[in-house]
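Peer 1: Fold the following and give me the result.
(chains A and B)
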Amino acid sequence: SQELEQSPQSLIVQEGKNLTINCTSSKTLYGLYWYKQKYGEGLIFLMMLQKGGEEKSHEKITAKLDEKKQQSSLHITASQPSHAGIYLCGADSWYTGNQFYFGTGTSLTVIP
Amino acid sequence: EAQVTQNPRYLITVTGKKLTVTCSQNMNHEYMSWYRQDPGLGLRQIYYSMNVEVTDKGDVPEGYKVSRKEKRNFPLILESPSPNQTSLYFCASSLDRVQYFGPGTRLTVT
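Peer 2: Next up is the predicted model:
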């Protein structure tokens, strides 16, 4: 089955600092998706990456998919308290058909 | 407003008492899915549906049933709940593979 490993599991940063979250897949991806979840609430879609080498940005958040389509990174520039929450990567792949998998998440705390 | 709704939001029940968690979306999406979220295990797919009358197992289907009689609704049925089904459940619907999630249902089985 598809496995997605996220690192780190948790992150505590001072406001204004940059940070990176990584997501590694056990199989070549069809699509890689980043979501944000506030504690105990539903997930909010951030970005979708499909092509190897693709990079997308939304406000101060940038996500990249590597050329081999097995690893993605999410980078936050000049973090703010509003960035706090759980970041999850999700994926579907040619191997899994219409199933969808998520990583275990990275909990981000931003200290004002 | 485009949304996915789930009911109830919170539920405490006893072992063996059948229950249904409803999910409805107003976006005319064909794909719908159920997930459970547990600490340390992340979000795992229970069942998904590509369209009306088409459902498939996800990674953790044991102990759950679903049905898709209408495009907008995708209820999750626990015929005989057990304590290991205590979890936070999310329904999602999808357009072009981007999933939109409901607010979650926190289920406790005692």
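Peer 1: I figured A:G16 hits A:T77, correct?
Peer 2: No: judged on CB atoms under 8 Å, A:G16 makes no contact with A:T77 at a distance of 9.7 Å. Placement of C-beta: from N, CA and C, glycine included.
Peer 1: Compare those two and say which one has the larger neighbour count.
Peer 2: More crowded of A:G16 and A:T77, by other CB atoms under 10 Å in any protein chain shown: A:T77, with 14 against 11.
Peer 1: okay, now A:A63: neighbour count?
Peer 2: 24.
Peer 1: Can you give the strand pairings for the host helix or strand of it, parallel or anti for each?
Peer 2: Take DSSP states H and E as the rule and A:A63 turns out to sit in strand A:61-65. Note on strand A:61-65: by DSSP bridges, its sheet partners are strand A:55-58 (antiparallel), strand A:71-76 (antiparallel).
Peer 1: quick one: the last one to chain centroid distance?
Peer 2: Going back to what we said before, that points to strand A:71-76. Relative to the mean C-alpha coordinate of its chain, strand A:71-76 is positioned 6 Å out (CA atoms, centre = their mean, to the nearest Å).
Peer 1: Show me which residues of chain A sit near chain B.
Peer 2: A:1, A:31, A:33, A:35, A:40-45, A:48, A:88, A:90, A:92, A:98-105 (CB under 8 Å from any CB of the partner chain).
Peer 1: Show residues contacting stretch A:16-25.
Peer 2: Stretch A:16-25 is contacted by residues A:2-8, A:11, A:13, A:32, A:34, A:69-79, A:87, A:89, A:91, A:93, A:103, A:106, A:108 when judged by CB atoms under 8 Å, 6 or more residues apart in numbering or on different chains.
Peer 1: Mark which of those are part of helices, please.
Peer 2: If you go by DSSP state H, the contacts of stretch A:16-25 have nothing in helices.
Peer 1: In PyMOL, how would I select the buried members of those residues?
Peer 2: Paste this into PyMOL to select the buried members of those, with burial taken from 16 or more other CB atoms under 10 Å in any protein chain shown:
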select buried, chain A and resi 2+4+6+11+13+32+34+69+70+71+72+73+74+75+76+79+87+89+91+93+103+106+108
